[in-house]
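>>> Here is the input, now give the coordinates:
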Amino acid sequence: MPTSPRIAIVGAGLSGLVLARILHLHGLASTVYELDATADTRRQGGLLDLHVESGQRALREAGLYEEFRTLTSPWARRCG
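Next up is the predicted model:
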């Protein structure tokens with residue numbers, strides 16, 4: 001009997017969470033491990049350089065690109 005792979009993702013940053021989302025959309029379960037107990041454990045935010053062919057593509061494949069764009073700053077939207 002075939003078994004599903006056990007997938008562990010280390011880090012609940014943008015990359016880890018997008019990966020978990022894409023796996024979920026393809027019917028694969030994963031577990032995300034994060035060192036920080038809460039979002040308030042350390043300062044959040046910063047600048048991301050999401051290239052069209054990689055980071056933006058991953059967000060599109062995860063079905064999250066449009067929502068991500070609504071949450072970014074106007075300056076960031078002019079650059080992407």
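>>> Every contact and neighbour count from this point should use C-alpha atoms.
Fine.
>>> What segments of this structure are helices?
Applying DSSP state H to the chain gives helices spanning 14-25, 55-61, 65-71, 74-79.
>>> now the longest one, how far from the centre of its chain.
This points to helix 14-25. Here helix 14-25 is found 5 Å from its chain centre; the criterion is C-alpha atoms, centre = their mean, to the nearest Å.
>>> How about that helix, which residues are buried there?
Gly16, Leu17, Val18, Leu19, Ala20, Arg21, Ile22 (16 or more other C-alpha atoms under 10 Å).
>>> Using PDB, write out the CA atom coordinates for that helix.
What follows is helix 14-25, C-alpha atoms only, in PDB (Å, rounded to 0.1, in the frame of the first residue of the first chain):
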ATOM      1  CA  LEU A  14       6.900  33.600   3.400                       C
ATOM      2  CA  SER A  15       8.800  30.800   1.600                       C
ATOM      3  CA  GLY A  16       7.800  28.100   4.100                       C
ATOM      4  CA  LEU A  17       4.200  29.100   4.200                       C
ATOM      5  CA  VAL A  18       3.900  29.500   0.400                       C
ATOM      6  CA  LEU A  19       5.500  26.000   0.000                       C
ATOM      7  CA  ALA A  20       3.000  24.500   2.500                       C
ATOM      8  CA  ARG A  21       0.100  26.200   0.600                       C
ATOM      9  CA  ILE A  22       1.300  24.800  -2.800                       C
ATOM     10  CA  LEU A  23       1.700  21.300  -1.300                       C
ATOM     11  CA  HIS A  24      -1.800  21.500   0.200                       C
ATOM     12  CA  LEU A  25      -3.200  22.500  -3.200                       C
END
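>>> what about Gly45, distance to Ser4?
Noted for Gly45: a distance of 35 Å to Ser4, by C-alpha to C-alpha, to the nearest Å.
>>> Neighbours of the residue nearest to Val32 when sequence neighbours are not counted, how many?
Leaving aside its chain neighbours, Val32 sits nearest to Ile9 (4.7 Å; criterion: C-alpha to C-alpha, 6 or more residues apart in numbering). If you count neighbours by other C-alpha atoms under 10 Å, Ile9 ends up with 15.
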